[in-house]
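Peer 1: sequence and predicted model, in that order:
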Amino acid sequence: MNKRGITLVEVVVSIGLISVVMLFLFNLLIDMQFEEDHASFSKKNQVARASIIKLIQNDFMNLNLIDAIQNKSQGRVEITLTYATLSKQIVVTQKNINYNNEEVWDIADENATFDLANISIKKINPSETCSKVDNPNTGKEENVCSKYQTIKIMIPVVTGEKENIIDDIELFYLGRTI
């Protein structure tokens, strides 16, 4: 056994090992802090998103939606929802969505935006869903049309360079025609 004490090489090696361990611990702490901040942002973002979807869906259920029309102008898309007794608007810009000045969702993530070019409204009206059916009582062929219409509004969210279908807003209405 060496009784001369600690050599310079041993000191340098031990400082190097301690430095490596400290570097890994420091990176771990930074990653944990980032995850905590990101999770907090995600929760706030999802709550705001759910709130505006709930408000619109409640109107779909309580008011009789007749039509949805989309207008694009100067960096924004306006979707006019015509109900039986009134009209309301969804206004979408690159960074926020506003429902009839009642609820606003601002995307706080600097990389996320609403994809204004791909906002779509798809409608299936009852007149488009008619079919010929044999009536068993009369034995004659009759034209039968659905009494329901469907309207699907899709507002995509893009994060960075790719689509993020998790955050997309998809509104669906199925209801009787007047």
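Peer 2: Right, received. Where do you want to start? Numbers count the residues shown, from 1 in each chain.
Peer 1: quick check: bridge partners of residue 172?
Peer 2: For residue 172, the beta-bridge partners under DSSP bridges are residue 152.
Peer 1: what pLDDT is listed against it?
Peer 2: Per-residue pLDDT puts residue 172 at 89.
Peer 1: distance of it relative to residue 20?
Peer 2: Distance, residue 172 to residue 20, using CB to CB, to the nearest Å: 55 Å. (Each C-beta comes from the backbone N, C-alpha and C, glycine too.)
Peer 1: next: residue 120.
Peer 2: According to CB to CB, residue 120 and residue 20 sit 53 Å apart.
Peer 1: for residue 94, give its distance to residue 11.
Peer 2: 58 Å.
Peer 1: higher neighbour count, the two?
Peer 2: Shown here are residue 94 and residue 11; by other CB atoms under 10 Å, residue 94 has more neighbours (13 against 10).
Peer 1: you'd agree residue 45 is in a strand?
Peer 2: No - counting by DSSP: H, G, I helix; E, B strand; the rest coil, residue 45 is not found in a strand; it is helix.
Peer 1: confirm residue 70 sits in a strand?
Peer 2: Yes - per three-state DSSP, residue 70 lies within a strand segment.
Peer 1: and it, what is it in contact with?
Peer 2: Going by CB atoms under 8 Å, 6 or more residues apart in numbering, residue 70 touches 77, 78, 79, 119, 120, 121.
Peer 1: that one pairs with what?
Peer 2: Note on residue 70: beta-bridge partners by DSSP bridges are residue 79.
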